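Colleague: Need a 3D model of the following:
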Amino acid sequence: MNRAWADAPADLFAALSQQQLLGELASRTQFAAELAQIEAWKFTIRHLQALAVALPGSHVFMEFSIPRMGRRADAVIVAGPLVFVLEYKVGERGFPRHAIEQVHGYALDLKNFHVTSHDKPIVPILISSEAPPQQLGLGFWAPDRVHEPLLLAPEDVLPTIQRLLATGDGPEIAATAWADGAYRPTPNIIEAAEALYAGHDVIEISRSEAGAENLSRTATAVERVVDRARKDGHKAICFVTGVPGAGKTLAGLNIACSRNPEWPEQHAVFLSGNGPLVEVLQEALRRDGKRKRALPDLPEARIVQAQEPRTFIQNVHHFRDEYLGPDQIPPEHVVIFDEAQRAWDSAMTSDFMRRKRGQHGFDQSEPAFLLSVMDRRPDWCVVVCLIGEGQEINRGEAGVAEWIRALQADLPDWQIFLPPHLMSDDGPLDAGLRWHLGHRTTTQDADLHLATSVRSFRAGRVSAFVAALLDEDTDNAEALRPDPTQFPIWQTRELATARRWLRKQRRAGERAGLLASSNALRLKPEGLHVKAPIDVCHWFLNGNDDVRASNALEDAATEFAVQGLELDWTCVAWDLNLRREGGWQAREFRGTKWQAIRTSADGFSRADYVKNAYRVLLTRARQGMVIFVPRGDAADATRPPAEYDAIAEWLSDCGIPSLP
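Modeller: Alright, predicted model coming up:
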């Protein structure tokens, strides 16, 4: 595997002519190298060759690939036990913030996603060619052994590297074996959508080889269904299931992006009922497309020019409303429904359509109506239902069975593709529906089940830990608590302390944010107003200089805003809507006091929503979190200190230490 456009041991690199290296670099780029790029390469080559002469035994790489988002570091030098990542700004006198974050981001990408870099010390260096000599200092190492970015003039680089090597320890790195290490990224869903939208393959952005293989097999299985339907002119529904963290949304986005936008017969749309997720992804794709269109030399620019984010990903309820008229025919041939098990049953849909849309005679479930809309196509179509498993069905949600009932009642000619376990006796379908499926055109395909988690290597145990914490199991929780060197979890009684910790942890392009339950109304004295609306696009996407952004640590997002999305570092603020008294007790704040949540006559309890809200909030972090438990106020009957103390004690019993 050749990750760099040019590389060689230091002695050979120093002996190569500039023209040889320029020719190698120019031959690897997909576009004609412009004069500015050639001049930048010339400066970089001269500087690197001088370093190579002074660093015998090292290995020099130029244009080293950071595959997650198709980026390349200008240079990497592997010397002794250290990896140096170099970014050159030719013609620059200063050190712009975006350039500092760029080189820091390269180092963090290698540390987090390049397997052979997980245990290596990495030093990011930003070199501005016109900068005056800098005051040299070695700076500090983060706990994961990624050094703070060093900002240097060209003549500062060699003495800085030599000083770091003199203080370094550990075995010498075998440079070629290091470079050939597997690259296993875990982009968040925003980064994944941007990469897929720009034409990258799902394998390029999947962390584990097993996960990438699983996603690839599933994509191929769905492609077979689509190709067959298009060729034979029939209609089909395809169910894709997966374990928690298996990447169902990623799989759906991959399926939608794989359709060629220039061919009308291949139109596809990704539909989700998660409004904030749709808004954030649409805006992220719009911004990313604008950036790429401004850089016409990028191959992605040609791809994004042919697409419009708001046609590629849509809110499922907006899609439903668009086709209330019986003569409306959707242009899409392939429709992907995310979290399809959450589609509404007939009672919920009818009630909503009567109250909110003025449709008094509406009597269909959401699955039945959506399938009837796609059945209007005169030629062919494929509906892909992404099914989350291991989740309780909430009130009004129809589940997998409703999709089968809709097919049974009105669409007998549709072909059905599903993973075998949906047909098992302990599956979500009753005996009658299984009998029905056995007597019509149904194909079982094991590749339609995603069985491998693709979560971040840092956050792999967090879901199990949170489940134990919320399920009254302190022993299991303490045993399952993630390695604090990989995924730190702390608690604090001071919000200011939590903010300081988040600001210290966040690096380069990482995101941090405050989270709180939507009914955590007594966090208001702490300055957290959960009823104050946030703009999710500003919160998730805007930069550090925007007070509306998550990184400002001013506005708290609720479970409704963050479900399906992630941050690198989070602070979860815990209120008394989920308190400890002989176990967890869920409450809601009404008027001037807390009230218990009681089970309704039909057995439905909103108490599960409260616990699930905390489950969502506690699993949004990719790298670490701190839990803020207020101290309360003895003079305020709604904020008794003893009740907050009980929560903090439970967290301690589960192995969560207090921030020093």
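
Colleague: got any ranges where the stretch 451-600 of the chain has weak pLDDT?
Modeller: Where the stretch 451-600 of the chain drops to pLDDT under 70, the residues are 452-460, 599-600.

Colleague: residue ranges of the helices in it, please?
Modeller: 462-470, 474-480, 495-505, 536-541, 559-562 (DSSP state H, counting those that start in this stretch).

Colleague: The ones you listed: which one's closest to Glu24?
Modeller: Among these, the nearest to Glu24 by C-beta to C-beta is helix 536-541 (37.7 Å). Using the backbone N, CA and C atoms, a C-beta is placed for each residue, glycine as well.

Colleague: For the helices of the stretch 451-600 of the chain, give me a markdown table that also has mean neighbour count and distance to Ser128.
Modeller: Output for the helices of the stretch 451-600 of the chain, formatted as a markdown table (neighbours: other C-beta atoms under 10 Å; distance: least, C-beta to C-beta, whole Å):
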| stretch | mean neighbour count | distance to Ser128 |
| --- | --- | --- |
| helix 462-470 | 20 | 40 |
| helix 474-480 | 16 | 47 |
| helix 495-505 | 17 | 26 |
| helix 536-541 | 21 | 28 |
| helix 559-562 | 21 | 38 |
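
Colleague: Is Leu370 in contact with Trp344, as I believe?
Modeller: No. Assessed by C-beta atoms under 8 Å, Leu370 is found out of contact with Trp344, at 10.3 Å.

Colleague: that older thread, and the helices of the stretch 451-600 of the chain: which comes nearest Ile173?
Modeller: That would be, of the helices of the stretch 451-600 of the chain and by C-beta to C-beta, helix 495-505, which comes in at 26.7 Å.

Colleague: Please name every helix or strand in contact with the closest one.
Modeller: strand 489-492, strand 512-516, strand 567-573, strand 621-628 (3 or more C-beta pairs under 8 Å, 6 or more residues apart in numbering; DSSP states H and E).

Colleague: Rebuild the ones you listed as JSON lines, extending it with mean neighbour count and distance to Val335.
Modeller: Formatted as JSON lines, the helices and strands packed on helix 495-505 follow (neighbours: other C-beta under 10 Å; distance: least, C-beta to C-beta, whole Å):
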{"stretch": "strand 489-492", "mean neighbour count": "21", "distance to Val335": "40"}
{"stretch": "strand 512-516", "mean neighbour count": "27", "distance to Val335": "32"}
{"stretch": "strand 567-573", "mean neighbour count": "26", "distance to Val335": "30"}
{"stretch": "strand 621-628", "mean neighbour count": "25", "distance to Val335": "30"}
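
Colleague: Nearest to Ala142, out of those strands?
Modeller: Closest to Ala142 of the helices and strands packed on helix 495-505, according to C-beta to C-beta: strand 621-628, at 11.4 Å.

Colleague: tell me which residues in the helix or strand that the closest one is followed by are buried?
Modeller: The first helix or strand that comes after strand 621-628 along the chain, using DSSP states H and E, is helix 641-653. Of the residues in helix 641-653, 643-644, 646-648, 650-651 count as buried by neighbour count, 16 or more other C-beta atoms under 10 Å.

Colleague: quick one, what contacts the closest residue to Tyr323 other than its chain neighbours?
Modeller: Excluding the flanking residues, the one nearest Tyr323 by C-beta to C-beta, 6 or more residues apart in numbering is Val373, at 4.5 Å. By C-beta atoms under 8 Å, 6 or more residues apart in numbering, the residues touching Val373 are 320, 323, 328, 330.

Colleague: So Ser65 belongs to a strand, correct?
Modeller: Yes. Assignment of Ser65 by DSSP: H, G, I helix; E, B strand; the rest coil places it within a strand.

Colleague: So it versus Trp41, what's the distance?
Modeller: Applying C-beta to C-beta, to the nearest Å, the value for Ser65 to Trp41 is 16 Å.

Colleague: contacting residues for Ala556?
Modeller: 513-516, 523, 528-530, 573.

Colleague: mind redoing it with 10 Å?
Modeller: 513-518, 520, 523, 526-530, 532, 534, 539, 550, 571-573, 617 (C-beta atoms under 10 Å, 6 or more residues apart in numbering).

Colleague: Quick check: the gap between it and Ser216.
Modeller: 38 Å.

Colleague: try Glu339
Modeller: 22 Å.

Colleague: Compare neighbour counts for the two and give me the winner.
Modeller: Neighbours per residue (other C-beta atoms under 10 Å) separate Glu339 from Ser216, with Glu339 holding more: 23 against 17.

Colleague: ok, the more buried one touching Thr241?
Modeller: No. Using C-beta atoms under 10 Å, Glu339 makes no contact with Thr241, being 11.7 Å away.

Colleague: can you list residues touching both of the two?
Modeller: 248, 385-388.

Colleague: among those residues, which one has the lowest pLDDT?
Modeller: Ranked by pLDDT, those bottom out at Gly388 (77).

Colleague: tell me how far stretch 63-76 is from the chain's mean position?
Modeller: 20 Å (C-alpha atoms, centre = their mean, to the nearest Å).

Colleague: Between its first and last residues, how far does it reach?
Modeller: 8 Å (C-alpha to C-alpha, to the nearest Å).

Colleague: Okay, Gln623 and Glu130: tell me how far apart.
Modeller: 36 Å.

Colleague: Please apply the same query to Arg500.
Modeller: According to C-beta to C-beta, Arg500 and Glu130 sit 36 Å apart.

Colleague: and what of Pro420?
Modeller: Counting by C-beta to C-beta, the gap from Pro420 to Glu130 is 65 Å.

Colleague: can you check Trp178 too?
Modeller: Using C-beta to C-beta, Trp178 is found at 32 Å from Glu130.
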